[in-house]
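Enquirer: okay, sequence plus prediction incoming.
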Amino acid sequence: MAVRQMKPYEGLINRVYEIFSIVDMLPERMSDEEVEGMARVLPTELQKTMRAFLVPRIRKNSLEFLKLMKTWLEGAHRAKKEGRKVILVPFNFPPEIIHCFRNAWPITSEVLSTLGVAALEGQGERYWDYAMGLGLPDFACSANMIEVGSCLTETDFAPDAVLNDCFASCDINSKTHEFLARYLGIPLFFLEKTVDNSERGIRQYYRYFDALIRDLEEFLEEELDPEHMRQVIGYANQASELYWELWDLHKFSPCPVPNVFSLMTYGVRYTMWGTEEAVKVMRSMVETSRERLEKGEYPAPEEVARSLWTYTSYYFDMAGLFNWMEENGITHLGDGLDLLFPQAIDTTSRETMIIGMAEATRNMPMTRQMGAPAMTVQWLEDVTWAARDLEADCCIYCGHHSCKQTWSAVTIVRNELMKRAGIPTLILQGDSWIRRMTPIETLQELIGEFVDNVVSRKRRRAARAR
């Protein structure tokens, strides 16, 4: 395949940053006419995304979320100009750890890929194709390969270092980031996951984590300041409290929490957790959900299904998934990336804060489930607990083409979930970030049939039994 050299402005991060630079120009209270007028001049892909986010019921929250994303992207560019280090991290590494350093800024590969897919004309396909043209395997994960493909052009915004903590949970993710670091000739930091969760294994993980902190301090020429750490972790603790408030609001039926808040929650978690901006967006989502609960607002005549997605969702058509489901009475209670289970971190001392951050890292999604001693057991336990606590009546598995580890266990998880909780699971196939594999219309049809033929019948049987 012929590989065309791209111009500097064509890099994913640079293109997304240019688009998000207009966010501050948008009025805080946009009318429907203003939204429609703006949408008409946008490329098709961005037009669909903006219409999904700017529906009246979530418009205020979406504008605040988009401003947070713009602040995050701007922070990376400002760090470069000021001579600070920009560190590329995977989604399962808590960004507040990097925010604790004054000389560093985190960018998250999977979030950047998602922004590219949501905002750019042609979505992320050109960067995927570029990586494939270099000879990289097509079983790589589009979640990170789209952004990495852009970096490999060497015409895009590039990180100063790569941090990798996906060992034991996702080999594809791990090797992709290692390849990028070696290709660009930049430092690569490792954080290994121990093979057991015993007290001995956890102590060893803490030693690995402490070594990572020392390596970062040496690279950044900065020793962590306990007072600055306390401020960052204080904001992280506030966001964690709001996370659990939002979790509890999901328990009401019909669900007052808009479907797309599931995406926005981990969008905040994987970028700006530990900042005042993150607290503001999380509080905004909680307040909107409370208002909807008090007013009894729900965009469909009734809630016909309460779905928990057991791994990822689909991101190449936000309106076609999140809004379409909600407007058809199918609640999206969250997916595997929402299984964050954040706990407050003790800010008494530097040592307690480092241990707390190590625990947060050890229990991040994917690391916690797919990096467990027994992946099937931990994944099943977390999904079963969440499904019961949120009173889900069905689960949906997005069979992302690269996630071989979850494909190897999904049938066991589905069968055991049915035995333990009586909850059926729909298994879908398709790439979460690339539309070419399974069109959104096909996914909608499969979800609709599942709800009509399985979930609704299950509900009717339960009603007759009562």
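Expert: Done, it's in.

Enquirer: burial count for the closest residue to Trp407 other than its chain neighbours?
Expert: Computed as Cβ to Cβ, 6 or more residues apart in numbering, the closest residue to Trp407 that is not its neighbour in sequence is Gly399, at 6.4 Å. Quick note: C-beta positions are derived from backbone N, CA and C, even for glycine. When neighbours are counted by other Cβ atoms under 10 Å, Gly399 registers 17.

Enquirer: just confirm Gly399 contacts Leu428, I think it does.
Expert: Yes: in this structure, Gly399 is within contact of Leu428 by Cβ atoms under 8 Å, at 5.6 Å.

Enquirer: which ones are touching the residue nearest the centre of the chain?
Expert: Central residue check for the chain by Cα atoms, centre = their mean: the C-alpha nearest the mean position is that of Tyr266, 4.4 Å away. Under the criterion of Cβ atoms under 8 Å, 6 or more residues apart in numbering, the contact partners of Tyr266 comprise Phe91, Leu337, Asp338, Leu340, Pro365.

Enquirer: beyond the host helix or strand of Asp382, next helix or strand please.
Expert: Asp382 is located in helix 375-389, with elements delineated by DSSP states H and E. With elements assigned by DSSP H and E, the helix or strand that comes after helix 375-389 is strand 394-399.

Enquirer: list the buried residues in stretch 146-159.
Expert: 146-153, 155-159 (16 or more other Cβ atoms under 10 Å).

Enquirer: got the end-to-end distance for that stretch?
Expert: Taking Cα to Cα, to the nearest Å, stretch 146-159 runs 15 Å from one end to the other.

Enquirer: run through the bridge partners of Asn164.
Expert: Beta-bridge pairing for Asn164 (DSSP bridges): Phe190.

Enquirer: residues touching it, list them.
Expert: By Cβ under 8 Å, 6+ apart, the contact set of Asn164 is Pro90, Ser174, His177, Glu178, Ala181, Leu188, Phe189, Phe190, Leu191.

Enquirer: near the third one, how many other residues are there?
Expert: Using other Cβ under 10 Å, His177 has 22 other residues around it.

Enquirer: element containing the residue nearest to Asp346 when sequence neighbours are not counted?
Expert: Once flanking residues are discounted, Asp346 sits nearest to Thr352: 4.1 Å by Cβ to Cβ, 6+ apart. Secondary structure assignment for Thr352, by DSSP H and E: helix 350-362.

Enquirer: list the buried residues of that helix.
Expert: Of the residues in helix 350-362, those scored as buried under the neighbour-count criterion (16+ other Cβ under 10 Å) are Arg350, Met353, Ile354, Ile355, Gly356, Met357, Ala358, Glu359, Ala360, Thr361, Arg362.

Enquirer: next one: stretch 278-291
Expert: Of the residues in stretch 278-291, those scored as buried under the neighbour-count criterion (16+ other Cβ under 10 Å) are Ala278, Val279, Lys280, Val281, Met282, Arg283, Ser284, Met285, Val286, Thr288, Ser289.
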